[in-house]
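>>> Sequence first, predicted model second:
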Amino acid sequence: MAYGKCNDGNWVRGNAMSGPRVRFAPSPTGYLHVGGARTALFNWLFSHREKGTFILRVEDTDVERNRPQLVDGILESLKWLGLDWDEGPYFQSQRLPLYRAAAEKLLANGSAYLCYCPPEKYAGGDAADPEDGESQTISRRITRCGCRDGQPTDPNQKPAVRFRVKLGETTAFDDAVFGHREISNDEIEDFVLLRSPREGAEGALPTYQLGAVVDDIEMRITHVIRGADHLSNTPKQELLYRALGAELPIFAHVPLILGPDRTRLSKRHGATSVAMYKDDGFLPEAFRNFLCLLGWSAGDDSEFMRTPELLERFSLAGVSRTNAVFDRAKLEWFNTQYLQRLPIEEVTPEVKGELQRAGIWKNEWDSGPGGGWFARTVDLLRPRTRLLPDFSHWGRGFFSDDFDYDPAARQKFWKDEKLPTLMAKLAHALDAIPEWNHDACEHALRGLAESEGVKAGLLINAARVAIVGQAVAPPLFESFLAIGKTRVVERLRQALPAMQS
RNA sequence: GGCGCUAUGGUGCAACGGUUAGCACGCGGCCCUUUCAAGGCCGAAAUACGGGUUCGAUUCCCGUUAGCGCUACCA
């Protein structure tokens, strides 16, 4: 082996002069999905851990399926996740001459040949392969047509360029995650390098195999960290590296992320795009922490790990080989943990963003005396929050006078018919408090309960619904302080009519 | 169909020849209590199956099964 593991378990070349170079190469056929995000995260962690370079490359060679406008969304999602790159984004669509030159070289040295078979002959293999398992058993076979031996099937066709796989040999490589891999070349088809030029197009487009390898060579990628769906493709790429006279990078394939039904995660599983999680109100760091633990572990029981710790502990050696199911419940748990455990100054900006989205943010909370109030209020609310929108939904009454009474809360805590009278008295008693503090409020309320012969809980629960419209809220007297005397008294009085109905 | 990869509670991970198989999420119960969370404690829940190797297999080997991947002029 030309390389080995260094102390921390990460694979590096023995004589690496500078740090490793890795890349994340999404293709703009959709949004950034969680599987891609996890791959990007591993690359990012690895490159930072090893003081290397993280390159972003957009693989947009499939004109048919490409949606250029999706690129921005992908970049945005990466940024939201905090996965910044050092180079790029490079676009394969702007590097076409590179791939064509490589194909020429392979043609010239006999590693490739022109294939004149009509594309339809091979295209649509999946369509012809019935998912239902009924009838026709189309066994797909390894493509080896007459063109390989210089007998063009149809010289009138515009040819594609295929790689000439040397039969009777074995191709092997060492994967940093899956270990030693070996396959007989006889199992590898003569894969296409350059697609046949289409009508009206200016030239031939490369396939994934060619594009990825040429770019990885040209960009001097040292570690290819990507999804395990490429494990079976790797021998082909190794053949390409050799035919191009390039040194092999270290491959590290990471297991796939599955849906709850253990099939590959896809749209029908619901939220699969990173953007949706952002919209749902997850914190990027919580999402990162969760994602990192899908297919990787620090080797012990550690779970809650902030990014610096992840950076410190990440290693390819800790990557598992089994596919993992994406569990939203656990993601939410992580978010809850972050919402509660982060230093308050790290969560207030996020809450500010949420309140802005909800249209109830006031600039006076930003700094000065008001800033202290905002941070204290967020701190008061956060033990009961799970996602960011909780602040603007059930926490709305703390920031806005415009809130509704939750029907279930009214139903539950406004049942007692004495309540309107009691609440009026409570409002009066609170209004009379000279110094608005926790104990004074509690004193006033409990005193009233005692003199009226009712349980304090009755007043507490009813008052809570009256001041914030919710059955769920922080402890009442702390809520009183956060909302302020004037508003509390006002809201108590305003609730009276609703309480009677 | 062919080739390959994988296999620990429902889920994510630990145990890398010897443990009463550990942790976390979720679930159930209890405590706390001013609602609801959080937190604390307790509990149910797993080595896919069958053969080997070994004094001893979750762990190593083989087979079966299942899932997934590749088998495209997609990436």
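Here it is on my side, so go on. Numbers count the residues shown, from 1 in each chain, chains lettered A, B, ... in the order given.

>>> Any stretches of the stretch 301-450 of chain A with poor pLDDT?
Within the stretch 301-450 of chain A, the stretches with pLDDT under 70 are A:368-371.

>>> which residues in it form strands?
Under the criterion DSSP state E, counting those that start in this stretch, the stretch 301-450 of chain A contains strands at A:324-325.

>>> quick one: low-confidence ranges for the stretch 51-200 of chain A?
A:120-139.

>>> 80 instead?
A:119-141, A:143, A:199-200 (pLDDT under 80).

>>> Run through the strands of it in chain order.
Under DSSP E, counting those that start in this stretch, the stretch 51-200 of chain A gives strands at A:53-58, A:87-91, A:112-115, A:160-163, A:170-175, A:179-184, A:192-194.

>>> Paired strands for the fourth one, with orientation please.
In the sheet containing strand A:160-163, its partner strands are strand A:112-115 (antiparallel), strand A:192-194 (antiparallel), by DSSP bridges.

>>> Minimum distance to RNA strand B: which of those has it?
Counting by C-beta to the nearest atom of the strand, RNA strand B lies closest to strand A:192-194 out of the strands paired with strand A:160-163; the figure is 3.6 Å. Bear in mind the C-beta positions are built from the backbone N, C-alpha and C, glycine included.

>>> can you give me the offset of that closest one from its chain's centre?
The chain centre lies 32 Å from the centre of strand A:192-194; the measure is C-alpha atoms, centre = their mean, to the nearest Å.

>>> residues making contact with that strand?
Strand A:192-194 is contacted by residues A:99-100, A:102-103, A:106, A:112, A:115, A:160-163, A:204-207, A:209-210, A:240 when judged by C-beta atoms under 8 Å, 6 or more residues apart in numbering.

>>> Now which of the residues you listed would you call buried?
Among the contacts of strand A:192-194, the ones that count as buried by 16 or more other C-beta atoms under 10 Å are A:99-100, A:102-103, A:106, A:112, A:115, A:160-163, A:204-207, A:209-210, A:240.

>>> now A:W436, nearest residue through space, not along the chain?
A:K485 (4.4 Å; C-beta to C-beta, 6 or more residues apart in numbering).

>>> my guess is that neighbour meets A:A427, correct?
No: if you go by C-beta atoms under 8 Å, A:K485 and A:A427 don't touch, sitting 10.7 Å apart.

>>> okay, these two: which has more neighbours?
Counted by other C-beta atoms under 10 Å, A:K485 and A:A427 do not tie: A:A427 has more neighbours, with 21 against 16.

>>> what residues are up against that one?
A:V489, A:L492, A:R493.

>>> Would you check how far apart the last one and A:Q500 are?
To A:Q500, A:R493 is 13 Å away according to C-beta to C-beta, to the nearest Å.

>>> neighbour-wise, which of those two wins?
A:R493 (16 against 10).

>>> how about that one, what does it touch?
Here A:R493 is in contact with A:A424, A:A427 (C-beta under 8 Å, 6+ apart).

>>> What's the separation between the closest residue to A:C292 other than its chain neighbours and RNA strand B?
Counting by C-beta to C-beta, 6+ apart, A:C292 lies nearest to A:L310, which is 5.6 Å off, once chain neighbours are set aside. Per C-beta to the nearest atom of the strand, to the nearest Å, A:L310 is found 13 Å from RNA strand B.

>>> do A:L448 as well
Per C-beta to the nearest atom of the strand, A:L448 is found 14 Å from RNA strand B.

>>> ok, back up a step: isn't the residue nearest to A:C292 up against A:F290?
No: counting by C-beta under 8 Å, A:L310 does not reach A:F290; the two are 11.1 Å apart.

>>> out of these two, which sits in the busier spot?
Regarding A:L310 and A:F290, a neighbour count based on other C-beta under 10 Å identifies A:F290 as having more, with 25 against 22.

>>> okay, the more buried one: pLDDT?
Looking at A:F290, its pLDDT reads 98.

>>> Wait, a helix at it?
Yes: counting by DSSP: H, G, I helix; E, B strand; the rest coil, A:F290 is located in a helix.

>>> which ones are touching it?
A:K330, A:L331, A:F334.

>>> So which of those residues belong to helices?
Applying DSSP state H to the contacts of A:F290, the entries found in helices are A:K330, A:L331, A:F334.

>>> Can you tell me which of these are buried?
Buried residues within the ones in helices among the contacts of A:F290, counting neighbours by 16+ other C-beta under 10 Å: A:L331, A:F334.

>>> can you narrow the ones in helices among the contacts of A:F290 to ones near RNA strand B?
With C-beta under 7 Å from any atom of the strand as the criterion, the ones in helices among the contacts of A:F290 include A:K330 near RNA strand B.

>>> Please identify the deepest-packed of the strands paired with strand A:160-163.
strand A:192-194 (a mean of 26; mean count of other C-beta atoms under 10 Å).

>>> That one vs RNA strand B: in contact?
Yes: Strand A:192-194 lies within reach of RNA strand B by C-beta under 7 Å from any atom of the strand, at A:V192.

>>> Can you name the next helix or strand after that strand?
Of the helices and strands lying after strand A:192-194 in sequence (DSSP states H and E), the nearest is helix A:208-218.

>>> what angle separates that following helix from strand A:53-58?
Using axes from the mean of the first three to the mean of the last three C-alpha atoms, to 10 degrees, one finds that helix A:208-218 and strand A:53-58 are set 150 degrees apart in direction.

>>> Buried residues, the following helix or strand past helix A:208-218. List them.
Scanning forward in sequence from helix A:208-218 by DSSP H and E, the next helix or strand is strand A:223-227. Buried residues in strand A:223-227, counted by 16+ other C-beta under 10 Å: A:H223, A:V224, A:I225, A:R226.

>>> Do you have the helices of the stretch 201-350 of chain A handy? List them.
A:208-218, A:234-243, A:274-280, A:284-292, A:307-313, A:328-341, A:344-358 (DSSP state H, counting those that start in this stretch).

>>> wait, which of these is closest to A:D190?
helix A:234-243 (9.8 Å; C-beta to C-beta).

>>> I'd like the average pLDDT over the closest one.
Per-residue scores along helix A:234-243 average to 97.

>>> Residues contacting it, please?
Contacts of helix A:234-243 (C-beta under 8 Å, 6+ apart): A:106, A:109, A:111-112, A:163, A:165-166, A:171, A:173, A:175, A:181, A:183, A:185, A:188, A:191, A:193, A:209-210, A:212-213, A:217, A:247-248, A:251, A:253.

>>> What's the separation between A:A160 and RNA strand B?
4 Å.

>>> Verify the contact between that residue and A:S196 for me.
Yes: A:A160 is within contact range of A:S196, at 4.2 Å (criterion: C-beta under 8 Å).
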